[in-house]
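Peer 1: give me a model of this one.
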Amino acid sequence: MFNKYFVFLFLFVFSSLSLLIDETHGVRHNPRDIFNLHPDGTSSVNIKKVSGIDAFHSRGYKGRGFTVAILDRGFHPEHVQNYDRQGLLHPLVRRQNLSLMVNEGLNGVNLDNLDQEQARLLAQLFVISEENREGILGQLTRIEEQRRRSIEFFNSLNPDTQLHGSAVAGVFHELAPEANLLLIDLEIVDTITALRIAREQHVDAINISFAVTPQNRPYLDALEQAALDIPVFIAAGNDSRPEAPVFIDQVRSPAGPFIPSNEQQAFDEIGRRNMLFVGGVKYLPNGDEAFDSFSQLPTQIARSHYILGPGENISAPYHAQGSAIVSGTSIANPTITAVSILAKQALQDAGIRVTPDQVIEYMYNSGHALHHNIPVPDGDPTFKVLNAKSLVQQIFGVEPPVIASSVPVSSPPVIASSVPVSSPPVIAS
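Peer 2: Next comes the predicted model:
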């Protein structure tokens, strides 16, 4: 009798411990906490809840005084102007027309600043030496190209235009609501110039939710220069499948086949540091986490610079009509970027000076492990998932007070349409 009881007790304790151990490979959330229910019957993931961002917000860290550069395609003019009215838009966006801004009522493109810059450069042509004339003419050519692209982009807009950049910026802003936004629209400004501007402005983070093809040495140089001093967060890409894994060192070209990735090459060439690749995690109806299998996988050498953020069924501003439910590593990426800004703010407040790679290390080390739904061609079944609450504990050593979510489930954002999993835009140079 005693032996049977002892065996039963041993098995019970062992099975309980096994469950606890398995719990370390993911977090089961309360479904009532993490899903926003919408009037049309759809639901979206509450990124504030699943990311644990309230651990920063409850301590007052919301990004004030810090700046992110978001390089992307398609920021809606109304969204850009809304950030401007809040005092969050970096002044260079307006001064150099880095994103489309329009006159009130969407009556036309506001190119006044380009006109003034063009006039200034034309005046210089009369007073500068012959050797500097070529540089001024080159700047004038770029202004004319920027003017042309601005007008073409404006003319392409309609109420249903789906704008990738607006969605990315909206997700970032929800999590870091007081951070400044240097929004550089790649519909208007070329990628190399955008990276140069971000570096010259000494931003605190760069968000890149796209891939550049084909292989491009000037782009590589610009990316590497920016990443020397600034943490760069890069969407892993959405072309992987469980039956056909694709890694971050590959990118699908506009012609169709996969080719070597510029971003992985830049990461290798600067010493495998200062860049964090971001995959997606999804949330099952019971609250469990699972790997988003469309996320491209890290190569073995990039494993410590790869993390997962909420990447499926996220509500984000997407067009003039309102929000849409979107998915993809492009949407997971700004969540990670936003948390990096708040982490840097908190670390500085705690008197801890960090390099870009140390910020990434803090985020990676504080993430919790996940092994559900991960294809493992190299035999390692775990990835790290963003955990802002754990990150706050790592910085301060104590758990912050728990506060209620500021977004009640009963008041979800307006949903205009449902958008399927989308790949980050491929930027052809």
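Peer 1: what about the helices in the stretch 301-429 of the chain?
Peer 2: 329-349, 356-366, 388-396 (DSSP state H, counting those that start in this stretch).
Peer 1: switch the ones you listed over to TSV; also include distance to N313 and mean pLDDT.
Peer 2: From N, CA and C alone the C-beta is placed, and that goes for glycine too. Putting the helices of the stretch 301-429 of the chain into TSV (distance: least, C-beta to C-beta, whole Å; pLDDT from 0 to 100) gives the following:
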stretch	distance to N313	mean pLDDT
helix 329-349	10	97
helix 356-366	23	96
helix 388-396	19	95
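Peer 1: tell me which of the ones you listed lies nearest to D72.
Peer 2: Nearest of these to D72, taken as C-beta to C-beta: helix 329-349 at 8.2 Å.
Peer 1: can you pull the contacts of the residue lying closest to H305 once chain neighbours are set aside?
Peer 2: Counting by C-beta to C-beta, 6 or more residues apart in numbering, H305 lies nearest to L276, which is 5.4 Å off, once chain neighbours are set aside. Shown in contact with L276 (C-beta atoms under 8 Å, 6 or more residues apart in numbering): 231-234, 305-307, 336, 340, 360, 363-364.
Peer 1: part of a strand, is Y219?
Peer 2: No - secondary structure assignment (DSSP: H, G, I helix; E, B strand; the rest coil) places Y219 in helix, not in a strand.
Peer 1: surely it and T191 touch.
Peer 2: Yes - using C-beta atoms under 8 Å, Y219 is in contact with T191, at 5.9 Å.
Peer 1: tell me the contacts of H90?
Peer 2: Residues near H90 by C-beta under 8 Å, 6+ apart: 67, 180-183, 201.
Peer 1: quick check: pLDDT value at it.
Peer 2: For H90, the model assigns a pLDDT of 96.
Peer 1: next: the one 10 residues further on.
Peer 2: L100 is assigned a predicted lDDT (pLDDT) of 80.
Peer 1: let me know the average pLDDT across the helix or strand encompassing I151.
Peer 2: Assessed by DSSP states H and E, I151 sits inside helix 130-156. Rounded to a whole number, the mean pLDDT of helix 130-156 is 69.
Peer 1: what packs against the helix or strand that comes right after that helix?
Peer 2: The element immediately downstream of helix 130-156 (helix or strand, assigned by DSSP H and E) is helix 164-175. Packing partners of helix 164-175 (3 or more C-beta pairs under 8 Å, 6 or more residues apart in numbering; DSSP states H and E): helix 47-51, strand 67-72, helix 77-85, strand 180-185, strand 314-319, strand 322-327, helix 329-349.
Peer 1: with only the CA atoms kept, save the last one in PDB.
Peer 2: Once non-C-alpha atoms are left out, helix 329-349 reads as follows in PDB (Å, rounded to 0.1, in the frame of the first residue of the first chain):
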ATOM      1  CA  THR A 329       7.100  40.100 -39.700                       C
ATOM      2  CA  SER A 330       6.800  43.700 -40.900                       C
ATOM      3  CA  ILE A 331       4.200  44.200 -38.100                       C
ATOM      4  CA  ALA A 332       6.200  42.200 -35.500                       C
ATOM      5  CA  ASN A 333       9.300  44.400 -36.200                       C
ATOM      6  CA  PRO A 334       8.000  47.800 -34.900                       C
ATOM      7  CA  THR A 335       6.900  46.100 -31.600                       C
ATOM      8  CA  ILE A 336      10.500  45.100 -31.000                       C
ATOM      9  CA  THR A 337      11.800  48.500 -32.100                       C
ATOM     10  CA  ALA A 338       9.400  50.300 -29.700                       C
ATOM     11  CA  VAL A 339      10.500  48.200 -26.800                       C
ATOM     12  CA  SER A 340      14.100  48.900 -27.600                       C
ATOM     13  CA  ILE A 341      13.400  52.600 -27.300                       C
ATOM     14  CA  LEU A 342      11.800  52.200 -23.900                       C
ATOM     15  CA  ALA A 343      14.600  49.900 -22.800                       C
ATOM     16  CA  LYS A 344      17.200  52.500 -23.700                       C
ATOM     17  CA  GLN A 345      15.200  55.200 -21.900                       C
ATOM     18  CA  ALA A 346      15.000  53.000 -18.800                       C
ATOM     19  CA  LEU A 347      18.600  52.000 -18.900                       C
ATOM     20  CA  GLN A 348      19.800  55.600 -19.200                       C
ATOM     21  CA  ASP A 349      17.500  56.500 -16.300                       C
END
